[in-house]
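>>> Sequence first, predicted model second:
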Amino acid sequence: MRRNLVMIMIAFTLLACGGAEEKGSTSIPDVADQFGQDFSPVIARIGDVDITQAYFDFRYANISATDKERYSGDNWKNRFLDYLVDETLLYQQAEAEKFDLWPEVERRLDVARRSILVKAYHDKKFRDDVKASDEAVAEHYESNKEQYRTLGRALGYHIMNENEDRIREAYEKLQAGDLRFGQAAAQYSQDENTRTNEGLVGWFNPDGYVMGLGFVQDFTNAAFATPENGYTEPIRIGDNWHIIKVGAKVAAEQLSLEDASDRISTELRPVIARELYEAHMKELKATLGVERYGEYQQDDSRTAEQLFRLGAETRNNHAKLYYYQTLVDQYPDDERAHQAQFMVGFIQSEEFGSTGEAAVSFRKLIRNYPDSEYAESAQYMLKNLGRSQPTLREGSPQAPSDVHGKIQELQGQ
């Protein structure tokens, strides 16, 4: 009876339309151990098949987020058990009528079985067992110390007005001592969010982002150039005039290797995992051999120049990514390889929003091509991955001064 239940579990895992959630799902070895000797209480019996508490828990842990929402609230356990009972009845009948021998079902079972095995193998080899060594962490730290610094912070206030005469009038009264800064903000500032709170905009880093104002690099530049408890002359930023006051400041500090090690390990893991995967696949292909026939034969005769041109000319981003990545893989020492590596990361980030993959690509550029003219831009991209606004689009703040021209040049070649 228990064997039949295990078969039900496997069949559902292979054929379920809802899909399993990766995060928090039980691993394949744990499932084998759990259901090989399942001594948990029986909570339902359908014919000669038992549904146990362990099976119930496993199934619920592996349903989609949408189904978890469906089976929540009052009496959800009984409702979910009803679903398992109905499914078991249908499964038993499908098995009795030999549906598993239908060619289409056999193919779907084979595809799903492959998918589960591949994922289990991939997770074990290229995720669970991947760890950056202490030596690799230390070496990365020594080579990239500037990345592991606190940015420094400043507490800022401002008076904002679109009228230059009004802002200069406020400045003169501050200089003469006729008004304190908070009084001047209340009287002259047009920023409704801060004028009643002495103009307070809060703490910010020198990276250009200020709460309530967005990315205003000129604002933070002026603030960090101003001493504590001082304020700037009237300055124009965008369409408005500002007087910026700086309260307390916290200086930037170099993180120690100990303080930075966890962050470095996290950053290096996907890079190490990708390299392990690439090396493993190369070894498997060499050992087992791969041949393609007919129209699927690969054209290995394309030069680096041809691949680069194909990447630049195609308008399909998936094809573009393929050509650039192929160039890097086949011609890592070519003069165009560092440009192609940058474009791989750029497309992953800007076109597909795959920040994890983009981070791996940009770090590979920095490590494999440290003298590349795109290394600075790759550092910038790493710092800004996941930001809500586009990073290297024209007009974005803080991008290296010539990066927009480089991108346009690469995309137009």
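Everything's here; your move.
>>> Quick check: what element follows the host helix or strand of Ala186 along the chain?
Here Ala186 is covered by helix 181-188, with elements defined by DSSP states H and E. Remark: after helix 181-188, the chain's next helix or strand is strand 200-204, criterion DSSP H and E.
>>> That next one to helix 181-188, inter-axis angle?
With axes from the mean of the first three to the mean of the last three CA atoms, to 10 degrees applied, the angle from strand 200-204 to helix 181-188 works out at 120 degrees.
>>> Please shift the residue numbers so they start at 46 in all later answers.
Fine by me, first position is 46 from now on; the one you just mentioned is strand 245-249.
>>> can you tell me the average pLDDT over strand 245-249?
Summarised as a single mean, pLDDT over strand 245-249 is 96.
>>> Can you work out which other helices and strands pack against that strand?
strand 198-206, strand 254-255 (3 or more CB pairs under 8 Å, 6 or more residues apart in numbering; DSSP states H and E). Just so you know, the C-beta spots here come from the backbone N, C-alpha and C atoms, and that holds for glycine as well.
>>> same thing but 6 Å
For strand 245-249, the helices and strands in contact under the criterion 3 or more CB pairs under 6 Å, 6 or more residues apart in numbering; DSSP states H and E are strand 198-206.
>>> chain center to the strand it packs on: distance?
Distance of strand 198-206 from its chain centroid, counting by CA atoms, centre = their mean, to the nearest Å, is 32 Å.
>>> Please identify the pairing partners of that strand and their relative orientation?
Strand pairing for strand 198-206, determined by DSSP bridges: strand 245-249 (antiparallel), strand 285-295 (antiparallel).
>>> mean confidence score for that strand?
Computed over strand 198-206, the average pLDDT equals 96.
>>> Skipping its backbone neighbours, what lies nearest Gln98 in space?
Ranked by CB to CB, 6 or more residues apart in numbering and with sequence neighbours excluded, the top spatial neighbour of Gln98 is Ser85, at 4.3 Å.
>>> ok, that neighbour - contacts?
97-99 (CB atoms under 6 Å, 6 or more residues apart in numbering).
>>> From these, pick the one nearest Ala318.
The shortest approach to Ala318 among the contacts of Ser85 belongs to Ala99, at 31.7 Å (CB to CB).
>>> pretty sure that closest one is in contact with Phe84, am I right?
No. Judged on CB atoms under 6 Å, Ala99 makes no contact with Phe84 at a distance of 8.3 Å.
>>> of those two, who's got more company?
Each of Ala99 and Phe84 had its neighbours counted (other CB atoms under 10 Å), and the higher figure belongs to Ala99 (18 against 7).
>>> Can you tell me the element that one falls in?
Per DSSP H and E: Ala99 is located in helix 98-106.
>>> Please identify the buried residues of the helix or strand just after that helix?
Sequence order places helix 110-115 as the next helix or strand after helix 98-106, per DSSP H and E. Residues of helix 110-115 classed as buried: Asp112 (neighbour count, 16 or more other CB atoms under 10 Å).
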